[in-house]
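Engineer: Mind looking at a prediction? Sequence and model below.
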Amino acid sequence: MIIDTENLRATELRLGLPGADEEAPAPAAPAPDRPARGCKRLMTETGSEESGSKIEISEDDRAPEARVASKAQVVGWPPIRANRKNVFQGRKAEAEAAGGGGGIYVKVSMDGAPYLRKIDLKLYKSYEQLREALEDMFKCFTSGDFSSVTVGGGGSNYAVAYEDKDGDWMLVGDVPWRMFMSSCKRLRIMRGSEAKGLSPNS
Amino acid sequence: MLENGDCDDGDDDRCSLNTCGIAQPNYRPAAASLVGLPPPFSDQVLENVLENVLCFLTCHRDRNAASLVCKSWFRAEAQTRLELFIGNCYAVSPARAIGRFRCIQSLVLKGKPRFADFNLVPLGWGARFSPWIAAMAPSYPSLQRICLKRMTVADADLVILATSFPSFRDLTLICCDGFTTAGLAAVAENCRHLRSLDLIENDVEDEDDDGVDWMSCFPPGKTCLESLVFDCVGCAVNLEALESLVARSPSLWRLRVNDYISVGRLFRLMARAPQLTHLGTGSFSSFDGEGDFGDSLESAFMASKSLVCISGFRDLAPEYLPSIYPVCANLISLNLSYALITTDQLKPVITRCHNLQTFWVLDSVLDEGLQMVAATCKNLRELRVFPLDATEDSEGSVSDVGLVAISEGCKKLQSILYFCQTMTNAAVIAMSNNCQDLVVFRLCIMGRHRPDHLTGEPMDEGFGAIVKNCKKLTRLAVSGLLTDKAFAYIGKYGKLVRTLSVAFAGNSDLGLRYVLEGCPKLQKLEIRDSPFGDTGLLSGIHHYYNMRFLWMSSCKVSLKGCKEVARRLPHMVVEVIRDRLEDDNSVAMEKLYMYRSLVGPRNDAPPFVKLL
């Protein structure tokens, strides 16, 4: 597998051991291994029970401006329809000529739900926030809860998987948040029972 | 019908379709004995006359009024109404509507509250079209037109629609969701007399990006297609099929394509439909590797002598903009709100548009651009200025300067939607004085609670002047820092106001009371994030049955207050929409949505909706 150096630079993580060291993931290791090493953990592996995903990335990344604004984003304000907002996200980034301005929109589908939604990953700073947003968005279709959604398989009603840049489906929560954001192309909420032992070619 | 993809909830009459049918004669068998009775058939004569007169009443409000005169009029009106307008799909049930109106040819049906557009209504809330189409399919064989707004329409519903009505002609879907290109294919294939397929601002998202090739599903040979609007469809279409369709549709006068069509394709479409009056371009640029089409495009526009309305302009490549110069002088309507253009790029376009009446634009043209509009477009009736950067903290692009300029140059203005970061009372007051014809005034100061940036005062006086001076005003949206005083003004002067949108405004319950007690025509009231509580809510008890709906979210209303309303007004449906299922007993409520209904609480409410 090719090491994605851009991803590495973007994340600049110092979790666990530095990049130069070889390290195989221990079954219950709290710190997730970086898949850029070349060993992607695909859907079939539901090993890691502890969610390493909860680690907050606190160091500043490349987008210091409005993202750290004092006002929280208010839902539905200003009152512009989403399709209109979406059109100019990328454009704005070009116009500003400063990186990091655009949103990252990915489709979210849920098994059994009749239609898709799109969300902007840039609105969330952690898996927890993402989980809450997804729960909110799709709650009408679920009687269960998403509380263990960041943990793959075992025990949870639903699991969230994402398709990465290479087209592989991975369980959400395996990699640090920033890395996830840059590699996630779309999301899929599936029943927990299906998440176990799912082939990579889902 | 609606121009420019208008999503305005304000003017229901514009949604109304003009049909005038022939009343059915009401023959009955002769009476057996006539002695001592009034002349035979006299009551029938009256009804016959009545029906023949009623057929000239097309506006649903007039017909509603006529139906209240007496039972005879009620019956006659019900039997002859051809167009059914239902502003809230939950106010009445399909069975009940069908029971009263037996020969409907055209239906307008609206579902979710407008704040659903801004993600304030959770997915799955309701407004499904399925029960309606299931009931109508066997009952309205002559149905010709359906217009749906903010409904959830499934592909299966479209299949039923396409196969149940032999005379079906016009389908308009506005801000709907739930369907894909498969549903469109069913309509294209089965509606043999289709005149218009207008898809306006819907969420059409197929699972895979390709979707179904619905464009190829139209029947071969000449069609009677007059209007095809699909700019919101998010999949590629079969370009050859589209071209062929356009070429064999001689009656086509409106075509709005999606952004999978580049200029390379557009000029060919235009060449096949020189009779077009309304054009929505797709991507106004060349795709990679396509080459330059400037000359072809310009020729195409020069040949389109009938064009009066242009929209689209997605992904605009500025070098293509000059190709529309030849038609600017004829334009009545121009929608550049998806085009990122500067003041300089706007100038040669707008200075040619002397006849423009409707103009939608992005604030990237700045106040200067608006000054140009004011200088040239003396007949402007409707202006919408959208923000390129729709966040609170962005740098303002347009301001009070632009607003004043417009008010001074465009005195015939009737409708304005203006997004800005800050505003002044003086500018708004100027507009209220200059534009006496204003019917719709929607000002969105994106910075919440922003005062007048010159004086530091609340924006009360500005909005007060609007309601006071613009005597025809029926729709108002307020913003900025506002105290109860603003609402006092609205209550005092806003006697014709039907639709009011409030966000982050007011100080106390008094504000809400002023409005509910002072505005007798109020139909639609949507409020968010304002400090109005139970006292304010209860002050409208006398009026709620006259309204279409009330929406209040993130206000200070409590469950107790809502229950009180429900108790005192048995025909109101009071919905409490919760964001989190576990917040059952919390004091402050998330969302309240209430509306009058003839059929009581709905039976399709999802678990997060509590019906009181």
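Structural biologist: Perfect, thanks for sending it.

Engineer: Would you mark the buried spots in stretch B:366-378?
Structural biologist: Of the residues in stretch B:366-378, those buried under the neighbour-count criterion (16 or more other Cβ atoms under 10 Å in any protein chain shown) are B:366-374, B:376-377. Every C-beta, even on glycine, is put in place using the N, C-alpha and C of the backbone.

Engineer: how far does it sit from the chain's center?
Structural biologist: Taking Cα atoms, centre = their mean, to the nearest Å, one finds the center of stretch B:366-378 at 26 Å from the center of the full chain.

Engineer: Kindly report the same for stretch B:63-76.
Structural biologist: From the chain centre to the centre of stretch B:63-76 is a distance of 29 Å (Cα atoms, centre = their mean).

Engineer: show me where pLDDT drops low in the stretch 1-150 of chain B?
Structural biologist: Counting by pLDDT under 70, the stretch 1-150 of chain B has low-confidence residues at B:1-44.

Engineer: For chain A, state which of the buried residues of stretch B:366-378 is nearest.
Structural biologist: Chain A lies nearest to residue B:366 out of the buried residues of stretch B:366-378, by Cβ to the nearest Cβ, at 13.4 Å.

Engineer: For the spatially closest residue to residue B:307 that is not a sequence neighbour, list the residues it contacts.
Structural biologist: Counting by Cβ to Cβ, 6 or more residues apart in numbering or on different chains, residue B:327 is the residue found nearest to residue B:307 once chain neighbours are left out, at 4.7 Å. With Cβ atoms under 8 Å, 6 or more residues apart in numbering or on different chains as the criterion, the residues that contact residue B:327 are B:301-302, B:304-305, B:307, B:310.

Engineer: same check, this time on residue B:395
Structural biologist: With the criterion set at Cβ under 8 Å, 6+ apart, residue B:395 makes contact with B:389, B:421.

Engineer: okay, and for the chain, where does confidence drop off?
Structural biologist: If you meant another chain, say so; for now it's chain A. Checking chain A against pLDDT under 70 turns up A:1-73, A:90-103, A:114-115, A:139-156, A:195-202.

Engineer: that's the wrong chain, I wanted chain B
Structural biologist: Per-residue confidence of chain B (counting by pLDDT under 70) places the weak regions at B:1-44, B:207-210, B:579-589.

Engineer: what about the helices in the stretch 451-600 of chain B?
Structural biologist: B:460-469, B:484-493, B:509-518, B:534-538, B:559-568 (DSSP state H, counting those that start in this stretch).

Engineer: got those as TSV, with distance to chain A columns?
Structural biologist: Written out in TSV, the entries for the helices of the stretch 451-600 of chain B read as follows (distance: least, Cβ to the nearest Cβ, whole Å):
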stretch	distance to chain A
helix B:460-469	17
helix B:484-493	18
helix B:509-518	19
helix B:534-538	21
helix B:559-568	20
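
Engineer: about what we covered before: ok but the residue nearest to residue B:307 is inside a strand, no?
Structural biologist: No. Assigned with DSSP: H, G, I helix; E, B strand; the rest coil, residue B:327 falls outside any strand and is helix.

Engineer: That one and chain A, how far apart?
Structural biologist: Plainly put, residue B:327 is 24 Å away from chain A if you go by Cβ to the nearest Cβ, to the nearest Å.

Engineer: For that residue, give its distance to residue B:611.
Structural biologist: Taking Cβ to Cβ, to the nearest Å as the criterion, residue B:327 is separated from residue B:611 by 53 Å.

Engineer: Check residue B:139 too.
Structural biologist: Between residue B:139 and residue B:611 the computed distance is 28 Å (Cβ to Cβ).

Engineer: Run through the helices of the stretch 301-450 of chain B in chain order.
Structural biologist: Using DSSP H, counting those that start in this stretch, the helices assigned to the stretch 301-450 of chain B run over residues B:325-328, B:343-350, B:366-376, B:400-409, B:425-434.

Engineer: Show me what the last one is packed against.
Structural biologist: For helix B:425-434, the packing partners by 3 or more Cβ pairs under 8 Å, 6 or more residues apart in numbering or on different chains; DSSP states H and E come out as helix B:400-409, helix B:460-469.

Engineer: 10 Å instead?
Structural biologist: Helix B:425-434 is packed against helix B:400-409, strand B:415-420, strand B:440-445, helix B:460-469, with contacts defined by 3 or more Cβ pairs under 10 Å, 6 or more residues apart in numbering or on different chains; DSSP states H and E.
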